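Peer 1: A structural model of the following input is requested.
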Amino acid sequence: MSPDRLIYMANQIGTFFRSQGHDKAVPGIADHIKKFWDPRMKRAIFAHLDAGGAGLEPNVREALTSLKQTTSLPAAP
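Peer 2: A predicted model of the protein is given here:
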């Protein structure tokens with residue numbers, strides 16, 4: 001999946017949680033991505049985050065940063 005598509009999807013999740021306020025939105029975004037994105041998608045969005053995270057909304061960037069710190073992904077095939 002292209003990085004642009006993943007950025008779009010992550011920001012859509014962020015938009016859904018925005019009305020809950022920052023303190024609930026950030027963990028909500030992280031939890032959704034943790035539960036529903038496969039390891040390849042997470043690896044790709046984490047790589048994009050490491051490259052600067054262009055295009056990611058602030059709450060999404062924060063959620064991905066916290067998720068990346070607590071996620072252990074299997075090695076890429």
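Peer 1: Now do the helices in the chain.
Peer 2: For the chain, the helices defined by DSSP state H cover 3-18, 22-36, 39-50, 58-70.
Peer 1: can you give me the mean pLDDT across the second one?
Peer 2: Helix 22-36 shows a mean pLDDT of 97.
Peer 1: ditto for the longest one
Peer 2: In this model, helix 3-18 has an average pLDDT of 97.
Peer 1: Show me which parts of that helix are buried, residue by residue.
Peer 2: Across helix 3-18, burial judged by 16 or more other Cβ atoms under 10 Å covers 6-7, 9-11, 13-14, 17-18. C-beta: built from backbone N, CA, C; applies to glycine.
Peer 1: between the helices of the chain, which one is nearest to residue 76?
Peer 2: When the helices of the chain are compared by Cβ to Cβ, helix 39-50 sits nearest residue 76, at 6.2 Å.
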